[in-house]
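1. Sequence below, structure please.
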Amino acid sequence: MVQLENTQLLKSAGYIDGQWVVKSSTFCVTNPYSGEEITRVSDCDANDATTAVLAAKKAFPQWAAMTAIQRGALLRKWYNLMIANQDDLGYLLSIEQGKPLAEAKGEVGYGASFVEWFAEEGRRLTGDTIPSPSANKRTVVIRQPVGVVAAITPWNFPNAMIARKAAAALAAGCTFVVRPASETPLSALAMAALAEQAGIPNGVFNVVPGLNASAIGKVLTQHPDVAKFSFTGSTNVGKLLIKQCADSVKRVSMELGGNAPFIVFEDADLDAAANGLIQSKYRNAGQTCVCTNRILIQHSVYDKFTAIYREKVHALTLGNGLEDGVDIGPLIDAKSCVKVQSMVDDAVEKGATLILGGTPATDNNVYPPTLLSNVTPDMKVFKEEIFGPISPLMSFQDEQQAIALANDTEYGLAAYFYSRDIGRVWRVSEALDFGMVGINEGIISDTAAPFGGVKQSGSGREGSHYGLDDYTNIKYLCMGGIA
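-> Residues are numbered from 1 along each chain as shown. The predicted structure is shown next:
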């Protein structure tokens, strides 16, 4: 039984052109902990996606023509409604995704902060005047919205990943179509309900839930009226979507996989480092793209740090995300549990030592936090993104080796390290080949900071004033006949 104060937030239809689209075909959304059905949602298809794109195209001229202040006022109303309904939105997110309720409410607040930020930042979307080479000319640069923006978002942050993209797009004057993950469509539809209540015009914000990700994705990547495509998800899927965008030369931004190192140097505050590692590794049961993947500990403090960290991990509480005091909820589904177990088995077979956890998941898809020591670079837990609560520990001798091990990956999203040596802080920060670096800090996401990676972790930045760049075109105006 879904328990909401605002029952209008539980939607089971797509939201296209300001209308709730009910389909005869539906799919089931289940609670990953209990396995119980929450509701059934309309299974939209490629035709619905096309309708949404055309609705966004139709709405674009009027939305783009509004002043930044007018758009910002509507976004601010949307933000206020998100905050007013934070408890309900967090509850919906927790039951469809599984993360602890406090964490889910935190995600809602984080997502809303992007709507607030871009409501204000849109009015600072400034251009330039450039000194002209001749007296009878003037050179002006303006920024204009790209047009219709399409997005595909993942299940691990079903609120924040949409808010981070949609807020920037709408603030820049673009219209927006999103296909949320089929595991977690309820958060997206609740956001649409609040956008409608805020007065955001029909066609400006559209949600197309559906099981056929491939068919909907082809529309969003290949339709000629989509000017920009944004994706958060795996690198393999991202590569495919980039190829699909190529024929129409769409602008793309990609926030893809990660393989984050967490380095503990011998001069670090070991207790603070262990706390930061808990935050980085076990948030959302390890199912985030910026989660720590590989833990590199300087040899001289390896045993001491491992003991401190093991004690803290052992104290974590597992269970139903709706229960008070739960630190780690379920993985998204049984398939994810099987994958995580296979990575543990691979590491142990290749010589890693299991020092905590490693037992199969419960029937509720809860996988125990697991510590592996003596990890080597040939193991899957070192090479691949884990997306689960495994902590692979390995030692290093010196700074150069730590940097080499950290950079030994095709990914480049986030990295973390702990040190109290100011010289080392600068050297390592500059040497790490990642888009974001946490220094003596395990939580790095911030509305005002540019989120994104390098190498095969993607391109483009979300959040901060840089976050508007991907949603605007730069137009150069050369004015003659002045003198």
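2. Was I right to think Ser373 contacts Gly351?
-> No - counting by CB atoms under 8 Å, Ser373 does not reach Gly351; the two are 10.3 Å apart. Bear in mind the C-beta positions are built from the backbone N, C-alpha and C, glycine included.
3. In terms of neighbours, single out the busier of these two.
-> A direct count of neighbours by other CB atoms under 10 Å for Ser373 and Gly351 places Ser373 higher, at 21 against 11.
4. In the stretch 151-300 of the chain, mark out all the helices, start to finish.
-> 160-172, 186-198, 213-222, 235-246, 270-282 (DSSP state H, counting those that start in this stretch).
5. Looking at those, which one is packed in the most?
-> Mean neighbour count (mean count of other CB atoms under 10 Å) peaks for helix 160-172 among those, with a mean of 29.
6. Which strands and helices lie in contact with it?
-> In terms of contacts (3 or more CB pairs under 8 Å, 6 or more residues apart in numbering; DSSP states H and E), helix 160-172 is packed against helix 68-84, helix 101-121, strand 148-152, strand 175-179, helix 186-198, strand 226-232.
7. what angle do it and strand 226-232 make?
-> 150 degrees (axes from the mean of the first three to the mean of the last three CA atoms, to 10 degrees).
8. quick one: helix 160-172 to chain centroid distance?
-> 12 Å (CA atoms, centre = their mean, to the nearest Å).
9. rewinding a little: nearest to Val313, of the helices and strands packed on helix 160-172?
-> helix 101-121 (17.0 Å; CB to CB).
10. List the buried residues of the closest one.
-> 101, 103-119, 121 (16 or more other CB atoms under 10 Å).
11. if we can go back for a sec, could I get the helices of the stretch 151-300 of the chain as JSON lines with distance to Ser391?
-> Output for the helices of the stretch 151-300 of the chain, formatted as JSON lines (distance: least, CB to CB, whole Å):
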{"stretch": "helix 160-172", "distance to Ser391": "24"}
{"stretch": "helix 186-198", "distance to Ser391": "28"}
{"stretch": "helix 213-222", "distance to Ser391": "31"}
{"stretch": "helix 235-246", "distance to Ser391": "22"}
{"stretch": "helix 270-282", "distance to Ser391": "6"}
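12. My read is that Ser113 contacts Ala449, right?
-> No - the criterion here is CB under 8 Å, and Ser113 misses it with Ala449 at 11.6 Å.
13. Wasn't Thr139 part of a helix?
-> No - with DSSP: H, G, I helix; E, B strand; the rest coil as the criterion, Thr139 is assigned strand and is not in a helix.
14. How about it: what's its closest non-neighbour residue?
-> Leaving out its chain neighbours, the residue that sits closest to Thr139 by CB to CB, 6 or more residues apart in numbering is Ile130, at 4.1 Å.
15. for that neighbour, what are its contacts?
-> For Ile130, the contact set (CB atoms under 8 Å, 6 or more residues apart in numbering) comprises Thr139, Val140, Val141.
16. With adjacent residues omitted, what lies nearest to Gly276?
-> Gly442 (3.2 Å).
17. Give me the three-state assignment for the one you found.
-> coil.
18. you'd agree it is up against Ile278?
-> Yes - between Gly442 and Ile278 there is a contact at 7.3 Å, judged by CB under 8 Å.
19. circling back: let me have the contacts of Ile130 in CSV, extended by pLDDT and neighbour count.
-> Converted to CSV, these look like this (pLDDT from 0 to 100; neighbours: other CB atoms under 10 Å):
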residue, pLDDT, neighbour count
Thr139, 96, 14
Val140, 97, 14
Val141, 97, 13
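20. mean confidence for stretch 324-333?
-> Across stretch 324-333, pLDDT averages out at 96.
21. roughly how far is it from the heart of the chain?
-> That offset, for stretch 324-333, works out to 19 Å (CA atoms, centre = their mean).
22. coming back round to it: out of the helices and strands packed on helix 160-172, which is closest to Met1?
-> Relative to Met1, the nearest member of the helices and strands packed on helix 160-172 by CB to CB is helix 186-198, separated by 14.6 Å.
23. and the angle from the closest one to helix 68-84?
-> 130 degrees.
24. want to throw the helices and strands packed on helix 160-172 into a markdown table with distance to Lys57 and mean pLDDT?
-> A markdown table is the format used below for the helices and strands packed on helix 160-172 (distance: least, CB to CB, whole Å; pLDDT from 0 to 100):
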| stretch | distance to Lys57 | mean pLDDT |
| --- | --- | --- |
| helix 68-84 | 18 | 98 |
| helix 101-121 | 22 | 98 |
| strand 148-152 | 5 | 98 |
| strand 175-179 | 7 | 98 |
| helix 186-198 | 18 | 98 |
| strand 226-232 | 9 | 98 |
